[in-house]
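Colleague: coords please:
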Amino acid sequence: MNGRVERAFAASLWRTIGLLAAALLIGLLAGGLAWWLLAGTTISLVYLLWRLQRYANWLQGGSYRVDVDDAGIWGALYRIPVLRQRRELARRRRLVQLLRTFRTTAAALPDATVVLDDSGAILWFNAAATRLLGLSYPQDLGGHFSNLVRTPRVTRWLESGDWSEALMDVPAPADDALRLGLRIIPYAQGRRLLVARDMSKLMQLEQVRRDFVANVSHELRTPLTVVHGYLDLIEPEQAPELEPILAELRTQSRRMTQIVEDLLTLSRLEAQDSLPEERVPMPGMMQTLKREAEALSLGRHTIGLAVRTDADLKGSPKELHSAFSNLVSNAVRYTPAGGRIEIAWELRDGHAVFSVSDTGQGIAPTHLPRITERFYRVSSSRSRDTGGTGLGLSIVKHVLQLHQARLTIDSEVGVGSTFACHFGAERVCAAPAHEEIG
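Modeller: Just a heads-up that it's a prediction; the model follows:
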């Protein structure tokens with residue numbers, strides 16, 4: 001482009017020089033040289049001003065007909081904005097084509113796709129969103145998603161701002177028989193992409209698994225109780241030579257019974273969407289947990305108690321005690337003799353935290369993501385030696401989920417671990433007022 005402009009400028013310059021040379025020649029031949037030069041210069045300036053005026057008007061949107069293919073300087077000047085305009089137009093066409101391709105692709109997805117702004121207003125959605133979420137085009141454009149999909153779990157999830165994990169098992173607004181999994185993906189400044197997937201078949205398979213585990217556990221409970229009862233009837237004096245075998249049978253029978261009970265507990269928790277709630281007096285529960293830890297430890301550990309707040313908790317006393325007791329018993333089982341265990345209850349920025357810290361062997365970082373899976377063991381031999389079933393932390397996780405709480409684990413190999421249960425501010429009950437005795 002620069003070469004063409006230079007050539008066009010040179011051509012215009014030579015035309016101007018030619019005009020002045022002609023005026024000079026006529027002046028020499030006809031006399032009056034100064035007048036002819038002045039006339040040639042004036043004509044050149046007037047022509048230049050005329051072309052500049054036309055060019056300025058054309059840049060401002062004038063309707064002059066111009067020849068952009070002119071080989072002169074004016075053709076080159078006209079071509080510069082025209083080429084820029086053409087490039088901008090081509091860029092816009094590419095962007096429009098990309099947008100059309102994106103919309104066509106998103107519309108073809110079987111998952112509901114909804115574009116939200118930072119306030120939760122709907123900017124765009126595909127056809128699957130109509131089928132799965134009950135959105136109507138164009139009536140629902142601009143409406144708030146939480147107002148159109150009125151599910152308390154979805155509303156709490158949207159308002160939490162924590163979308164690192166998908167929200168599972170949500171009934172579809174358009175059809176209660178469909179179960180959805182929701183995920184939010186922030187992708188631009190003030191933009192969020194909500195994807196809803198039909199998880200009905202997966203939920204059905206999960207329900208089949210739960211029913212199978214529950215039924216098998218119920219069927220195993222009776223024969224195990226019978227076996228355990230008969231083993232207790234056999235006195236060691238009746239068959240001294242069989243005492244080691246009988247002792248091992250009793251141990252394994254009790255372990256199998258505990259596994260069955262834990263499986264039944266898990267099945268019951270998984271089948272519930274909520275728990276009956278009441279005020280749980282935490283200072284009293286903390287004393288109970290300490291006594292249980294001391295009874296299980298048999299003096300092998302130092303048990304510490306740190307109750308840093310008188311606040312209580314809103315929830316299910318039975319299930320919360322089960323979860324907290326699991327964490328305490330795990331600390332006792334996996335902490336070597338002479339170690340220290342501390343049970344703490346405190347408030348952090350208005351949120352309640354129950355924690356159990358120990359000076360045990362610790363857990364390697366590679367195990368932490370899967371530590372709450374059922375039957376997952378960091379060390380199988382260590383779990384068998386201490387009588388663990390591999391289900392305790394899974395029970396803890398489900399109990400906390402039913403209380404909209406979360407479990408965090410901080411652990412260092414050779415130093416110890418801290419298991420903390422974090423409850424939202426809505427679960428905290430202020431300490432009861434003590435009446436003054438007059």
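Colleague: Only C-alpha atoms from now on, for both contacts and neighbour counts.
Modeller: Will do.
Colleague: where are the low-confidence patches of the stretch 201-350 of the chain?
Modeller: Within the stretch 201-350 of the chain, no stretch falls below the threshold (pLDDT under 70).
Colleague: Helices of that one, start to end?
Modeller: Taking DSSP state H, counting those that start in this stretch as the test, the helices found in the stretch 201-350 of the chain are 243-270, 282-297, 317-334.
Colleague: by contact count, what packs against the shortest one?
Modeller: Using 3 or more CA pairs under 8 Å, 6 or more residues apart in numbering; DSSP states H and E as the contact test, the elements touching helix 282-297 are strand 302-307, strand 312-315, helix 317-334, strand 340-348.
Colleague: Okay, now the sheet partners of the shortest one, with direction.
Modeller: Read it as strand 312-315. Strand 312-315 pairs in its sheet with strand 278-280 (antiparallel), strand 428-429 (antiparallel), by DSSP bridges.
Colleague: doesn't residue 199 make contact with residue 180?
Modeller: Yes. Here residue 180 lies in contact with residue 199, judged by CA atoms under 8 Å, at a distance of 5.1 Å.
Colleague: out of those two, which sits in the busier spot?
Modeller: For residue 180 versus residue 199, the count of surrounding residues by other CA atoms under 10 Å is larger for residue 180: 25 against 17.
Colleague: if I pick that one, what's in contact with it?
Modeller: Neighbour list for residue 180: 168, 169, 170, 171, 172, 196, 197, 198, 199, 200 [criterion: CA atoms under 8 Å, 6 or more residues apart in numbering].
Colleague: quick one: pLDDT of residue 362?
Modeller: pLDDT, residue 362: 86.
Colleague: err, residue 85, not the other one
Modeller: Note on residue 85: pLDDT of 68.
Colleague: same deal with residue 6?
Modeller: pLDDT at residue 6 comes out at 55.
Colleague: Pretty sure residue 127 sits against residue 114.
Modeller: No. Taking contacts as CA under 8 Å, residue 127 lies outside contact range of residue 114: 9.9 Å.
Colleague: Quick check on those two: which one has the bigger neighbour count.
Modeller: Under the criterion of other CA under 10 Å, the comparison of residue 127 against residue 114 puts residue 114 first, with 24 against 21.
Colleague: I'd like the distance between that one and residue 155.
Modeller: Using CA to CA, to the nearest Å, residue 114 is found at 16 Å from residue 155.
Colleague: With pLDDT and distance to residue 206 added, can I get the contacts of residue 180 in CSV?
Modeller: Listed next are those as CSV, based on pLDDT from 0 to 100; distance: CA to CA, whole Å:
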residue, pLDDT, distance to residue 206
168, 80, 12
169, 78, 11
170, 82, 14
171, 82, 15
172, 83, 18
196, 87, 19
197, 87, 16
198, 86, 14
199, 85, 10
200, 83, 10
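Colleague: Which ones among those residues lie within helices?
Modeller: Judged by DSSP state H, the contacts of residue 180 include residue 200 as members of helices.
Colleague: Can you tell me which of the contacts of residue 180 is nearest residue 376?
Modeller: Distance to residue 376 across the contacts of residue 180 (CA to CA) is lowest for residue 168, with 22.4 Å.
Colleague: which residues does the closest residue to that closest one other than its chain neighbours form a beta bridge with?
Modeller: In space, and not counting its chain neighbours, residue 168 is closest to residue 181: 4.4 Å by CA to CA, 6 or more residues apart in numbering. With DSSP bridges as the criterion, residue 181 is bridged to residue 197.
Colleague: Contact partners for residue 181?
Modeller: The contact partners of residue 181, by CA under 8 Å, 6+ apart, come to 166, 167, 168, 169, 170, 196, 197, 198, 199.
Colleague: Give me the spatial nearest neighbour of residue 360, chain neighbours excluded.
Modeller: Using CA to CA, 6+ apart and skipping residues adjacent in sequence, the residue nearest residue 360 is residue 335, 4.1 Å away.
Colleague: before we move on, back to that, among the helices and strands packed on helix 282-297, which comes closest to residue 276?
Modeller: strand 312-315 (7.1 Å).
Colleague: Any idea how far that closest one is from the middle of the chain?
Modeller: With CA atoms, centre = their mean, to the nearest Å as the basis, strand 312-315 stands 27 Å off its chain's centre.
Colleague: what's it in contact with?
Modeller: Identification of contacts with strand 312-315 by CA under 8 Å, 6+ apart yields 275-283, 352, 403, 427-431.
Colleague: Narrow those residues to just the buried residues.
Modeller: The neighbour count (16 or more other CA atoms under 10 Å) marks 280, 281, 282, 283, 352, 403, 427, 428, 429 as buried among the contacts of strand 312-315.
Colleague: Please report phi then psi for residue 163.
Modeller: Dihedral angles of residue 163 (phi, psi; degrees, to the nearest 10) stand at phi -110, psi 30.
Colleague: Residue 168 contacts residue 182, correct?
Modeller: Yes. At 6.4 Å, residue 168 counts as touching residue 182 under the criterion of CA under 8 Å.
Colleague: Looking at these two, which has the bigger crowd around it?
Modeller: For residue 168 versus residue 182, neighbours defined as other CA under 10 Å are more numerous around residue 182 (21 against 17).
Colleague: Not counting sequence-adjacent ones, nearest residue to the more buried one?
Modeller: Nearest non-adjacent residue to residue 182, counting by CA to CA, 6+ apart: residue 196, 4.6 Å away.
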